[in-house]
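[1] Predicted model and sequence follow; I will ask about them next.
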Amino acid sequence: MQILKCAFKSKFILKGVLVLSMLVNSVLCSAQADVSKVQHATIQLFCAMGDMLVYNTQLNGEIRNVISDFGYDTVVYNNKSSKANAKFFLFRSREPDEFINRHINIIAIPGTEKMKDVEVDLRVGKVLFAGSTPAEFVEYANTKETKSTQPLVHSGFNDYTQTAFFTPDKDGTMGMDKMWDIAADKNEHLILTGHSLGGAVAVLLGSRLQCMGVSPKNLEVVTFGAPAVGNQAFVDEYGSKVKHTRYTMSGDPVHSMLQMLKAGYVQSGEEIKCKRNDNSHRFSHSMSEYLDYSIRNYLDVLQQENIPYHDYVEPAKQTTGFSIRSKAVKDRLYMAPAVVKLPDDLLNDEGYMSRLTELLGGHGFTELVKGTETDSDKQIKAAQAANCDRIYKIAVDGKIIKKNVYQISVNEEITDNYGNIVSTQTCGTTTDNISPIEAVFYGMSRCAASRQMFR
C-alpha cells in the first residue's frame, strides 16, 4: 500500500471516502509502532476489500472508489471455457510502497460463485503438478499414471488456474501475459489473493509463476477460507517456497473440507485463525465475515500500536488573561466524539463502530482537531477556542428489523463554530448481506462521497 506522509493535506478532489489514506496515513508518525505488524494488517485489509469486491454486494462502489482514488489502476480479465468461468481483478499501484520501496500489485480471484465453480470444486481427483512452461503444465497434468510420492494437486483447481491464466483467448493472449512484466520485475511486488476457490487458485498460480522463474521474493499469497490444493509432496516441493498467509474463520467448514472428502490433501502456508464476530449472522465461510474480521483486526492493531487515525493538529493555546480570540482557520475541523446507539445484542460492536467513524470521518478538511466534548454548547466553545471554523458530528443508530437483521444508519452533521448547520445527511443500509460493522463502513463512505460532490 502507498503509505502517506503524516501531514494530511489532500490535494485530490476525491470521488469517494479517503479510506486507503485513513488506513495507513499515521503509521510512519509513530516511532514506537511495530511497522511490520501494521503493514501485515494493512495488506490483510486491502486484500479482504479486493476479495469482497469480486462479489456483487452494496460495498462494491465504495471499494472501487477507494482503489481508484488512491492510485490503483484496475483491470478486469475474463476467460470462459468448458472447464471454468474465469475472472480476476488486477489492482496496480502507481507509486512505490514506502515499506518495501516497490510497487504493489494485487490480483483478486473470485471464489465459488456460480454453478460452474461448484463443478470445479467437486472435481476432487488429483493431477501431477510439474513443469516450467504452460505447455509443460498441461503435459504433466495429463499424465495417466501417478504416485502419491509425486506432487499432486486438485484437478478442478488446476483446470481453473490453467484456463484463467495459461490458456490463450481469442486474440492469443493469456491471463499470465497481463501480469508477467509485473511478476518478473524486481521493482514490483505481486500479491495473489482469493477467497474459497479463488484462494486455492491463488496458491496454484503463485507456484506456477515460481516454476516459470519468478523470484519468490516478488510474490506473496493471501487467502481467506481456502481449501487445500495438493498433497504433502506438493507442499514440500512447491507450496512452501512462496510466502502464503492463510486466514481461516472459526466455524468455516470449507478450508478443511477436502481433507474430509478425499485422503491425501494437506494445507500449506501460515494459518491465522480468525475469531468470528458474534454480532454478524452471515455464513461463517462468507467473505463478509472475513472482511468484518479484517476491519476489526486493523482497528485493534492501530489501538495496540498507539497510532492516531489522523494527523491531528494541536488546539490553539489560550492565555489566562484577557485576549481577543483568533480568527477561525478555514477548513479546520473540530471532530466531536461519535454517538453510537445500538440494540443490546450489538453492544459488542460499539467500540469498533466508534473507532471506525473516527477512522473514516473528517477527510477533505485541511486540519483536524480531536474533540472530547459531548455537550453541544461545550463543543461550540471548544471549537472556537481551537480556532476551528467547522464542527463535525457523527451518530450511528441501529434498529432491529427482524431476527438477526438490523438497520444501521449513519447521521453526519457539520455546523459552523456557532452551531449553525452547514450540512446534514443520513446514509444507511440493512445487514441482510453485510455485517453491522460493514454497514457503518458503507454509511460513512456514502456520506463522504456525497459531501465531496458538493464541497
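    Thanks, I have the structure now.
[2] And the strands in the stretch 1-150 of the chain?
    72-80, 85-93, 103-109, 126-128 (DSSP state E, counting those that start in this stretch).
[3] Which elements pack onto the helix or strand that Val422 is a member of?
    Assessed by DSSP states H and E, Val422 sits inside strand 421-430. Packed against strand 421-430 by the contact rule (3 or more Cβ pairs under 8 Å, 6 or more residues apart in numbering; DSSP states H and E) you find strand 405-416, helix 436-454. Heads up, the C-betas are built off the backbone N, CA and C, glycines and all.
[4] Packed most tightly, which of these would that be?
    helix 436-454 (a mean of 22; mean count of other Cβ atoms under 10 Å).
[5] what packs against that one?
    Applying 3+ Cβ pairs under 8 Å, 6+ apart, we find helix 436-454 packed against helix 60-69, helix 287-304, helix 350-360, strand 388-402, strand 405-416, strand 421-430.
[6] following the longest one, which helix or strand comes up?
    In other words, helix 287-304. Next in sequence after helix 287-304, counting helices and strands by DSSP H and E, comes strand 329-335.
[7] before we move on, the earlier item: buried sites along the strand holding Val422?
    427-430 (16 or more other Cβ atoms under 10 Å).
[8] what angle separates that strand from strand 405-416?
    Going by axes from the mean of the first three to the mean of the last three Cα atoms, to 10 degrees, strand 421-430 is angled at 170 degrees with respect to strand 405-416.
[9] Can I get strand 421-430 in PDB, CA atoms only?
    Only the C-alpha atoms of strand 421-430 are listed here, as PDB (Å, rounded to 0.1, in the frame of the first residue of the first chain):
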ATOM      1  CA  ILE A 421     -26.000  23.700  10.500                       C
ATOM      2  CA  VAL A 422     -23.900  23.800   7.300                       C
ATOM      3  CA  SER A 423     -24.800  20.300   6.000                       C
ATOM      4  CA  THR A 424     -26.600  17.300   7.300                       C
ATOM      5  CA  GLN A 425     -27.200  13.800   5.800                       C
ATOM      6  CA  THR A 426     -28.200  10.300   6.700                       C
ATOM      7  CA  CYS A 427     -26.900   7.200   5.000                       C
ATOM      8  CA  GLY A 428     -27.900   3.700   6.000                       C
ATOM      9  CA  THR A 429     -28.400   0.100   5.000                       C
ATOM     10  CA  THR A 430     -29.500  -3.200   6.300                       C
END
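[10] Please enumerate residues in contact with that strand?
    58, 390, 401, 405-416, 439, 442-444, 446-447, 450-451, 454 (Cβ atoms under 8 Å, 6 or more residues apart in numbering).
[11] how near is the nearest residue to Asp185 once chain neighbours are set aside to Val35?
    The shortest distance from Asp185 to any residue other than its chain neighbours is 7.5 Å, reached at Asn218 (Cβ to Cβ, 6 or more residues apart in numbering). Applying Cβ to Cβ, to the nearest Å, the value for Asn218 to Val35 is 20 Å.
[12] Give me the helix or strand of this structure that scores worst on average pLDDT.
    When each helix and strand of the chain is scored by mean pLDDT, DSSP states H and E, helix 19-24 comes last, with a mean of 45.
[13] Let's verify Gly419: helix, strand, or coil?
    Classification of Gly419 using DSSP: H, G, I helix; E, B strand; the rest coil returns coil.
[14] For burial, what's the neighbour tally of it?
    Neighbours of Gly419 under the rule other Cβ atoms under 10 Å: 12.
[15] Now do the same contact list for it.
    Applying Cβ under 8 Å, 6+ apart to Gly419 gives the contacts 376, 379-380, 391.
[16] Over to Asn158?
    127, 129, 141, 204.
[17] which one of the residues you listed is nearest Ile182?
    Leu204 (18.1 Å; Cβ to Cβ).
[18] got a list of what the residue nearest to the closest one when sequence neighbours are not counted touches?
    Among residues not flanking Leu204 along the chain, Thr161 sits closest, at 4.4 Å (Cβ to Cβ, 6+ apart). With contact set as Cβ under 8 Å, 6+ apart, Thr161 has these partners: 201, 204-205, 208.
[19] go on, Gly251?
    Residues in contact with Gly251 (Cβ under 8 Å, 6+ apart) are 276, 284.
[20] Low-confidence stretches in the stretch 51-200 of the chain?
    69-70, 79-86, 99, 112-124 (pLDDT under 70).
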